[in-house]
Every structure is written in structure tokens, then in C-alpha cells.
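Trainee: dropping the sequence and predicted coords here.
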Amino acid sequence: MGGTTVNQPSAPSVSSNISDWVENYPAVFALQQQYAPQEAAQQVALAEQYAAPLGTAFKSAQEAMYPNEAALSNQLTQIAQQGISGSMPDWAKQSYMDTMRAQLGENAMSGVGADYMSTGLLQQQEDWNRYYQNLGLSIAGRQPIYSASTPTTSNYTSTFTPSSILGYNAQNYSTAANMYNRSSGTGNGWGSILGSIGGSILGGMAGGAFGYGGMLGQALK
């Protein structure tokens, strides 16, 4: 039975790699344009359907595992909400005024003293509300509050670069060259062929996007 003739492969050049990239880039970009909106829509739909139940489940689990901490957090949250918009209690106002009268002495009854005390009371009220604002922020900081973010989609063009084409073509050339060397008697046996094929397969799995079984491979056929 005659052997199979293996032609000597040509080494890829920089210009050929760039040409391959330019030729196939529109197909890669079109593929991304086609599927990115669908991927984003799917994420939005999944979030609308499952985000709220998932959050409720996490909250219930937290309360079940740490009932005392959950009850304390709820209590402090209510106190903070009341204090943020509430007025300073009479006992706090009276305590401040007694302290100021003791410091001002006879001047407390003068116009300047009264104005000074009135301004001080306004500042005390602001500090009172700020204290509960900070309490509320501290409690909120312990909760898993999430901010809205843009849905993530596949970005094939970020990895489909001239250098990636260069590596892909160089890998294929190495495999073909080893097979040619073996068929012409200049190689080092089947181990070289199997090693190059194994390396090519693993490299293709790592690269992912360029295999004929992958999405990009199908698009670039």
C-alpha cells in the first residue's frame, strides 16, 4: 500500500496573517453584533424573573442563621429612620441650653447671647440628624446592596487580533511541518507528530474561538 504524500508547508508571513485578520474580521464583528443583543436581553429577562426571589431567599437564610443580628439590624434601622427626620428631643435641647447658660453667665440674657444660643440650637439639631444619617449608612453598609450594571456580552473582537491570528497560523504550520518532516524522513518519528498534534489540540482548546467546532470557527468557514 503506497504512502500518502505530504507537501512541504509554507511558513506564514506577517502580511498573510494581517490579510487573514482583515478578511475574517467582518464576520467576527457581524457575529458579535447578532448575538450581543440577545445575550443582553437574556440577562435582563433572567434578572427580572429570578433576582427578587433570589434576594428574598438570601434574606430568609440570613435571618434563619443569625436571628439576633437580623432583629438588631431591623431595630436600628427603624431608629435611624426616625432620627434622620425627627426633631431633637426636649431633654437634649434643655441640656444644651443649661450648658450654654452656664458658659455665658449674665450674657445669656442679652441679645447677642440669645442669638448665639439660637444658632447653637440649630447646629445641634443638624448634628442630631447627621448622627442618625451616619447610623443608617453604617447599617446599610452591612447589607449586600447591589448597584445596577450593564449586561455583559461576548466580545470576540477583543481577542480576535493580528497577534492571535499569527499564533494560530504558526501553530498550524508547526503541526504541518512536523508531519512533512516525518513523511520525508527528516523528522524524529511519530512522537514528534503526536506531540505536535496534541499541542495543537490543547492550544485550540485554550484559544477556543478559532476551532472549527467553535462559534467563530463556524462563522469563518
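Mentor: Thanks, I have it. Numbering: from 1, shown residues only.
Trainee: okay, CA-based contacts and neighbour counts for the rest of this
Mentor: Noted.
Trainee: how does this protein divide into domains?
Mentor: The record's domain split for the chain, according to automatic domain parsing, is 15-44+158-220, 66-140.
Trainee: longest helix anywhere in this structure?
Mentor: helix 14-65 (DSSP state H).
Trainee: what helices or strands is that one leaning on?
Mentor: Packing partners of helix 14-65 (3 or more Cα pairs under 8 Å, 6 or more residues apart in numbering; DSSP states H and E): helix 67-85, helix 162-183, helix 215-220.
Trainee: where in the protein is pLDDT low?
Mentor: Applying pLDDT under 70 to the chain flags the ranges 1-6, 108, 142-149, 185-221.
Trainee: report the outermost residue of this protein with respect to its centre.
Mentor: Largest separation from the mean C-alpha position in the chain: Glu106, at 63.8 Å (Cα atoms, centre = their mean).
Trainee: does that residue count as helix, strand or coil?
Mentor: helix (DSSP: H, G, I helix; E, B strand; the rest coil).
Trainee: angle of the longest helix of the chain against helix 67-85?
Mentor: Put simply, helix 14-65 runs at 100 degrees to helix 67-85, going by axes from the mean of the first three to the mean of the last three Cα atoms, to 10 degrees.
Trainee: pick the most buried one from the helices and strands packed on helix 14-65.
Mentor: Most buried of these, by mean neighbour count (mean count of other Cα atoms under 10 Å): helix 162-183, with a mean of 18.
Trainee: ok and it relative to helix 14-65, angle-wise?
Mentor: For helix 162-183 against helix 14-65, the angle by the same axes, to 10 degrees is 110 degrees.
Trainee: so what does helix 162-183 touch, helix or strand wise?
Mentor: Checking 3+ Cα pairs under 8 Å, 6+ apart, helix 162-183 ends up next to helix 14-65, helix 190-207.
Trainee: of the ones you listed, which approaches Ala140 most closely?
Mentor: Nearest to Ala140, of all those, is helix 14-65, at 13.9 Å by Cα to Cα.
Trainee: how far out from the middle of the chain is that closest one?
Mentor: How far helix 14-65 lies from its chain's middle: 12 Å, per Cα atoms, centre = their mean, to the nearest Å.
Trainee: returning to that earlier point: how far away is the residue farthest from the centre of the chain from Ala114?
Mentor: Using Cα to Cα, to the nearest Å, we find Glu106 at a distance of 11 Å from Ala114.
Trainee: likewise for Gln38?
Mentor: Counting by Cα to Cα, the gap from Gln38 to Ala114 is 68 Å.
Trainee: where do the contact lists of Glu106 and Ala114 overlap?
Mentor: The contact sets of Glu106 and Ala114 do not overlap (Cα atoms under 8 Å, 6 or more residues apart in numbering).
Trainee: for stretch 119-130, which positions count as buried?
Mentor: Using 16 or more other Cα atoms under 10 Å as the test for burial, stretch 119-130 gives 121, 124-125, 128-130.
Trainee: show the contacting residues for Gly86.
Mentor: Gly86 sits next to Asn129 when contact means Cα under 8 Å, 6+ apart.
Trainee: who are the contact partners of Ala176?
Mentor: Residues in contact with Ala176 (Cα under 8 Å, 6+ apart) are 8-9.
Trainee: first vs last residue of stretch 61-74, how far apart are they?
Mentor: Stretch 61-74: ends 15 Å apart by Cα to Cα.
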